[in-house]
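Visitor: coords please:
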Amino acid sequence: MFSRFVNVIDRLGGGIAGVLNLIGGLALVALIPSFAWLVFGRYVLNETPTWVEQVSLILIVLITFPVAAAGIRDNSHLSVSFFRDALPPKMAAIVAAIGYGASAWFGYWMLIGAMDLVAFNWAKTMPIIHISDGLRSVPMAVCGAGIMFYSVVHILKIAVRWKTISQARIYHDDLLNEDVK
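Guide: Here you go, the predicted structure:
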């Protein structure tokens, strides 16, 4: 029963990670023509479009933070696993769980700090584009929530698949997938 629950939230997390990657990808696609317009306006029209700087700041946080959270789910984030992977599987899984626990703790504080920034800056408006300055911190809050969620899911997957991990010759992140026997 618990294993089914973990599989369901893992699949749900996969869908959310897809949406987060889509947001980052669309923001990257939008960033490129905005900078092309900046260069064209500055060097061809001799009139620099001033809105590009403010819009690019929003696009950069939309690229960085949601994709970073999705990277925790996919284990494509920056990590140094050489020493962990050199340990026996049970010990490596414990070290991985401790690492995910630390990531969840970090994600929690990132979420809290970002929500404070959103609340603090909400009444201010960004110059030129006249939208709330608090919007810049919303992707950071989403990232903190995502890091926390995906780290907890990884810990639950380690607990559910402990038997598979125990029987493995080496520990690797693919052992946490449900189709690995």
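Visitor: Could you report the distance from the nearest residue to Val138 once chain neighbours are set aside to Ala69?
Guide: Ranked by CB to CB, 6 or more residues apart in numbering and with sequence neighbours excluded, the top spatial neighbour of Val138 is Val118, at 6.0 Å. (Each C-beta comes from the backbone N, C-alpha and C, glycine too.) Note on Val118: its distance to Ala69, by CB to CB, to the nearest Å, is 16 Å.
Visitor: And the two? Which one has more around it.
Guide: Looking at Val118 and Ala69 with other CB atoms under 10 Å, you find the greater number of neighbours at Ala69, namely 29 against 18.
Visitor: residue contacts, that one?
Guide: Going by CB atoms under 8 Å, 6 or more residues apart in numbering, Ala69 touches Ala17, Leu20, Val142, Cys143, Gly144, Ala145, Gly146, Ile147, Tyr150.
Visitor: Remind me which helix or strand it belongs to.
Guide: helix 51-74 (DSSP states H and E).
Visitor: name the helices or strands packed onto the following helix or strand past that helix?
Guide: Remark: after helix 51-74, the chain's next helix or strand is helix 82-86, criterion DSSP H and E. The elements that helix 82-86 packs onto, with contact taken as 3 or more CB pairs under 8 Å, 6 or more residues apart in numbering; DSSP states H and E, are helix 89-121.
Visitor: From Val61, how far off is the residue most central in space within the chain?
Guide: In the chain, the residue lying closest to the centroid (CA atoms, centre = their mean) is Ala69, at 1.0 Å. Going from Ala69 to Val61 by CB to CB gives 12 Å.
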